[in-house]
Structures are given as C-alpha cells and as structure tokens.
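Engineer: The amino acid sequence is not available; the structure is as follows:
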C-alpha cells in the first residue's frame, strides 16, 4: 500500500515513510565501507517488495573490492553474508518452479562462466566452459596497490602483471588512467579491439606491466590533481624494483588523454 520506500545512500539502504518523513537504516555498510544494493529480484513479476520474503542483496567493499550476496531479514532487521570474495558477481536469475539460480562470477584471471546453485549459495556447480583456450596464454594477474598522493591522500590502483612474473626482473610499464578505476579490479578483460583504451591481457602476455591508478580530482585543478595522484603512484612502483624506469609509457583517452 505504498507505506514505505527504500532509498540508497553511498553504502546503505534506508527505509523512508513519505507521509511523516521518518526513516530507518536497514543495513550497516558505512562502518566497513560496504555498499548494499537490492538489485536481485527473486520474483521479477512483482512490482513491490514483499517484506515477509527473503531479500537477497548485492554487497561490495570499497577497501578490498570483494563482492558477494547477502540475505536480509526485514522482520529481524538483520542478515548474513551468503557469499563473498575477490570476484565480481552477476545478478542471479531464479528458476520459476524451484529455488535454483544461475549466476556468474569473474576476476581478471577467471572468465565469467555460468554457475548454478540454490538460494543458500552453500554449493555451486559450473555449467559452462566458454574460454578454455585461455590456459594456453601468459594471461596475467591483477592486484590492488596503494600509495599516498602529493595531496596526502591514500589512493588505490590496479597493477596487472604477466602470469610468469619474476620480481627479480625489470619490466616495461604502461600507465593507463581515467578518473577512478580500482573498483574494476576483478573485471575479466577478454582480448578485443578497442577505440579508446588498451587491452590488458594482450600486453601482459607480451611482458608488460600495466598500472591503472585512481585519480582524485580537486575542482578547478584537473591537471595538477592528475599529476599529484599518478606520479607518486608510479614512483612507488619503481621503488619496488621490478619496473624498468627507462621504459614507462602513458596511455589515456578523453579525460585521461587530457
């Protein structure tokens, strides 16, 4: 009967009563910088939220970039994490006549094959094998790196290394940036032609390191902000000893190109 509506802030889901302007926070994501989103509709035919039924939420942690599913109980205003890890998960699709769902998970190294489970997500079965040829290539690995900007801010970025990376060697490095990209750490990047960016696995298979730093922009100072964010990120990697400092390239498009 339109008694309540749900609204997101950066991290949490809030319940609002539009008649008297009262509100209640349903999740506790801000404490751990985890966003909760009600993107999973168990019954896609319903045009409202049934509070007596199970609510499956998506979760994403801004710190470690882990993603997962969360079971929220509206009556008890509590819940539990069903699945969580260093992957990106799709929106599950439920079977009409059972509690089975299909979904995908992916990382830089793992192709998003289709998986089947029930709503508990206690066990899952992979039912597709779309990219078996990947095992024949020096694909690469992705990791999260942190450094301090010249503005004193703690920043994050993605470091892509060849699969056969040897820390005793020095590698040429491509610095590719566009605003903030670290949240895409666990995105699978299949080789494909692109009009504005490089393909990561193409270059890592040929012995390059790729650094994708986040840029924190101050209004009115875009160039200075990019410099203050990117340059200390690059020098922090040079200090680790595996970057060939005489062979570093930069790539960008649009805002990154500027």
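Structural biologist: In hand now; what should we look at? Model, not experiment: these values are computed from the prediction. Residues are numbered from 1 along each chain as shown.
Engineer: Contacts for stretch 142-154 next, please.
Structural biologist: With Cβ atoms under 8 Å, 6 or more residues apart in numbering as the test, stretch 142-154 has contacts from 64-65, 107-109, 155-161, 182, 185-186, 211, 216, 218, 225, 227-229, 231-233, 236-237. From N, CA and C alone the C-beta is placed, and that goes for glycine too.
Engineer: swap in stretch 64-84?
Structural biologist: 24, 26-27, 36, 40, 51-52, 54-61, 85-89, 92, 120-121, 144, 182-183, 185-186.
Engineer: same check, this time on stretch 5-23
Structural biologist: With Cβ under 8 Å, 6+ apart as the test, stretch 5-23 has contacts from 2-4, 24-30, 33-38, 49, 57.
Engineer: Please name the bridge partners of the nearest residue to residue 4 once chain neighbours are set aside.
Structural biologist: With Cβ to Cβ, 6 or more residues apart in numbering as the criterion, residue 4 has its nearest non-adjacent residue at 5.2 Å, and that residue is residue 15. For residue 15, the beta-bridge partners under DSSP bridges are residue 6, residue 24.
Engineer: Inside strands: which ones of the contacts of stretch 5-23?
Structural biologist: Counting by DSSP state E, the contacts of stretch 5-23 place 24, 25, 34, 35, 36, 37, 57 in strands.
Engineer: Without its sequence neighbours, what residue ends up closest to the third one?
Structural biologist: Distances taken as Cβ to Cβ, 6+ apart place residue 61 nearest to residue 34, at 4.7 Å, with adjacent residues excluded.
Engineer: Make sure that neighbour is actually in contact with residue 33.
Structural biologist: Yes: using Cβ atoms under 8 Å, residue 61 makes contact with residue 33 at a distance of 6.4 Å.
Engineer: More neighbours: the two, which one.
Structural biologist: Of the pair residue 61 and residue 33, residue 61 is the one with more neighbours under other Cβ atoms under 10 Å, namely 16 against 13.
Engineer: Can you list the buried residues in the helix or strand containing residue 79?
Structural biologist: Element membership for residue 79, per DSSP states H and E: strand 78-85. By neighbour count on 16 or more other Cβ atoms under 10 Å, the buried set for strand 78-85 is 79, 82, 83, 84.
Engineer: Now do the second one, the pLDDT please.
Structural biologist: Read it as residue 82. If you check residue 82, the pLDDT there is 96.
Engineer: Enumerate every residue touching the residue nearest to residue 34.
Structural biologist: 32, 33, 34, 67.
Engineer: what do you get for residue 131?
Structural biologist: Neighbouring residues of residue 131 by Cβ under 8 Å, 6+ apart: 111, 113, 190.
Engineer: From residue 91, how far out is it?
Structural biologist: 21 Å (Cβ to Cβ, to the nearest Å).
Engineer: rewinding a little: now, of the contacts of stretch 64-84, which are buried?
Structural biologist: For the contacts of stretch 64-84, buried by 16+ other Cβ under 10 Å: 26-27, 36, 40, 55-61, 86-89, 92, 121, 182, 185-186.
Engineer: mind listing the helices for this protein?
Structural biologist: When secondary structure is read from DSSP state H, the chain shows helices at 200-204, 222-238.
Engineer: Dump those helices to TSV, plus mean pLDDT, mean neighbour count and distance to residue 150.
Structural biologist: Converted to TSV, the helices of the chain look like this (pLDDT from 0 to 100; neighbours: other Cβ atoms under 10 Å; distance: least, Cβ to Cβ, whole Å):
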stretch	mean pLDDT	mean neighbour count	distance to residue 150
helix 200-204	92	22	27
helix 222-238	96	17	4
